[in-house]
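Undergrad: I'll drop the sequence and a predicted model, then ask my questions.
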Amino acid sequence: KVEVIEHVRPPARLGQVGLRVKSVIAVGSGKGGVGKSTVAASIALMLRQLGSKVGLMDADVYGPSVPHLLGLSGRPAVNSDKKIEPIMLSDDSGRPPMPVMSMGFLVEPDQAVIWRGPMLHGSINQFLGDTHWGELDYLVIDMPPGTGDIALTLSQALPLAGSVVVCTPQEVALLDAIKAISMFRKVNIPILGMVENMSGFTCPDCGKTYDIFGRGGARAKAEELGIAFLGALPIDIELRTAGDEGRLATALCENDRARKPFETTAKAL
Ligand code: ADP
């Protein structure tokens, strides 16, 4: 089943539509599958844990995985001000619920979404401006991998605080990450730093560390490019199973090993 999204809205400047957010952080990557959504969701959760008011917007409209990682579902309601009510994440952190908005809440999980350029721009603006985010310290945006369209739309719509680029230590992934960095630079979105994901694996049985995709490549590349290095996140089976089972938020509350790198990253932002 294929759904063609037909609603088109002209891009609007968000100041005009009343988004009240102090800082916007776009999390991007050069290619898919490097853990961008995991990192975006975890950074949002950690910033919230550190006491900030945080919203999470899944702009990866081609493959929205945030609802799955966080175990969220449901259809957002429209309130009396004609604003979309985001789905709220409640967990055991003791912090107030976190608003989350994703294309995944609007289409069935097995539906493919076909976007025409202007519609994509419209939907992103709608997600930003027509969602009842409330007052936020941070809005963390999970960007689609690679493509510059949405970055351009965001840079036009919002005064972005900056972007975080996620990559694995592999040479090919680093090359893609460099493309993402130059894309952000082209649309004048400052780079806050790079995160190296899947950076080594320590066997829980024997304690030996294997550099499955290599290690340290992103740190070296960040230094070479004069970009801050925000942290390295090892391959963690618990993190993967938690994501598959929609328990990412709980896992970050309970699992110190998984939480630490994100805590460091959030503190560095
Ligand atoms: P992307 O958004 O870049 O496509 P995701 O965040 O959806 O990537 O991650 C892809 C898959 O890899 C998910 O199943 C996720 O749980 C898993 N994953 C991400 N980071 C790690 C990690 N550090 N250790 C283990 N699994 C991970």
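TA: Sure, I can see it.
Undergrad: C-alpha from now on. contacts and neighbour counts both.
TA: OK.
Undergrad: quick one: name the residues of this structure near the ligand.
TA: 32-38, 65, 197-198, 233-237, 239-240, 243-244 (CA under 6 Å from any ligand atom).
Undergrad: among those residues, name the ones in strands.
TA: Among the residues of the chain next to the ligand, the residues falling in strands (DSSP state E) are 197, 233.
Undergrad: report the buried members of the residues of the chain next to the ligand.
TA: 34-38, 65, 197-198, 233-236, 239-240, 243 (16 or more other CA atoms under 10 Å).
Undergrad: farthest pair in the residues you listed?
TA: The largest separation in these, counting by CA to CA, is between 65 and 234 at 20.4 Å.
Undergrad: got the contact list for residue 235?
TA: 197, 198, 199, 200, 201, 202 (CA atoms under 8 Å, 6 or more residues apart in numbering).
Undergrad: which non-adjacent residue is nearest the fourth one?
TA: Nearest residue to residue 200 in three dimensions, chain neighbours excluded: residue 211, at 4.1 Å (CA to CA, 6 or more residues apart in numbering).
Undergrad: now do residue 177
TA: Nearest to residue 177 is residue 30, by CA to CA, 6+ apart, at 4.4 Å.
Undergrad: against which helices or strands is the lengthiest helix in the chain packed?
TA: Scanning the chain for the longest helix, with DSSP state H as the assignment, gives helix 171-186. Counting contacts by 3 or more CA pairs under 8 Å, 6 or more residues apart in numbering; DSSP states H and E, helix 171-186 packs against strand 21-29, strand 162-167, strand 191-197, helix 217-225.
Undergrad: and with 10 Å instead?
TA: In terms of contacts (3 or more CA pairs under 10 Å, 6 or more residues apart in numbering; DSSP states H and E), helix 171-186 is packed against strand 21-29, helix 149-157, strand 162-167, strand 191-197, helix 217-225.
Undergrad: can you put those in TSV and add mean pLDDT?
TA: Shown next, in TSV, are the helices and strands packed on helix 171-186 (pLDDT from 0 to 100):
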stretch	mean pLDDT
strand 21-29	91
helix 149-157	81
strand 162-167	94
strand 191-197	94
helix 217-225	91
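Undergrad: show me the shaky parts of the protein.
TA: Applying pLDDT under 70 to the chain picks out residues 1-18, 113-118, 147.
Undergrad: let's see that with 80 instead.
TA: For the chain, applying pLDDT under 80 flags the ranges 1-19, 62, 107-123, 125, 146-149, 156-160.
Undergrad: mind checking which helix or strand the residue in it sticking out farthest from the centre is in?
TA: For the chain, the residue at maximal distance from the C-alpha centroid (CA atoms, centre = their mean) is residue 206, at 33.2 Å. Under DSSP states H and E, no helix or strand contains residue 206.
Undergrad: what about residue 264, how many neighbours?
TA: By other CA atoms under 10 Å, 15 other residues sit near residue 264.
Undergrad: where's it, which helix or strand?
TA: Going by DSSP H and E, residue 264 is part of helix 256-268.
Undergrad: helices or strands up against that helix?
TA: Using 3+ CA pairs under 10 Å, 6+ apart, helix 256-268 sits against helix 36-49, strand 191-197, strand 229-233, helix 237-244, helix 248-254.
Undergrad: could you point out which element follows the second one?
TA: Which is strand 191-197. strand 201-202.
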